[in-house]
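Peer 1: Got a predicted model here, sequence first, then my questions.
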Amino acid sequence: MAALGYRPQAPSDGFGTITAPLQELDPDEEALAYARRFIAEENTDQYWAGCTHYEFNRAAVWALEAFRLMNAGRLWVGESPERAEHARSLVPKLLRLAADEYEREASAP
């Protein structure tokens, strides 16, 4: 994520601005702290997601449903090969819908 310029474990103002000089931060330490936090959340089955910005609610719903399906793993696919094929295609489709909706709203005046 750091390579993309997104560093969720870096010290911030809560709105995406990193509040410490980048040269003082270690992306590897941030990644380890992030992984530990994610594992702790996963162990409780509760994930912090914050509050969506109204304009991006639709995109958040698509992404959240993809996340829920990923959490269910292969268990929800069922026995039927046709159902399994359809189920495997849902996560990428939902994530594409989320990305398209986000980009549409982000570019709106």
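Peer 2: Looks like it came in fine.
Peer 1: contacts, neighbours, all on C-alpha from now
Peer 2: Fine.
Peer 1: quick one, helices of the chain?
Peer 2: 27-44, 57-72, 81-107 (DSSP state H).
Peer 1: In JSON lines: those, plus mean neighbour count, distance to residue 1 and mean pLDDT.
Peer 2: Shown next, in JSON lines, are the helices of the chain (neighbours: other Cα atoms under 10 Å; distance: least, Cα to Cα, whole Å; pLDDT from 0 to 100):
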{"stretch": "helix 27-44", "mean neighbour count": "13", "distance to residue 1": "8", "mean pLDDT": "94"}
{"stretch": "helix 57-72", "mean neighbour count": "17", "distance to residue 1": "17", "mean pLDDT": "90"}
{"stretch": "helix 81-107", "mean neighbour count": "15", "distance to residue 1": "17", "mean pLDDT": "90"}
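Peer 1: tell me the contacts of residue 41?
Peer 2: 47-48 (Cα atoms under 8 Å, 6 or more residues apart in numbering).
Peer 1: that older thread, mind putting the helices of the chain into CSV with distance to residue 13?
Peer 2: Output for these, formatted as CSV (distance: least, Cα to Cα, whole Å):
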stretch, distance to residue 13
helix 27-44, 16
helix 57-72, 22
helix 81-107, 22
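Peer 1: Residue 7: which of the ones you listed is closest?
Peer 2: helix 27-44 (7.5 Å; Cα to Cα).
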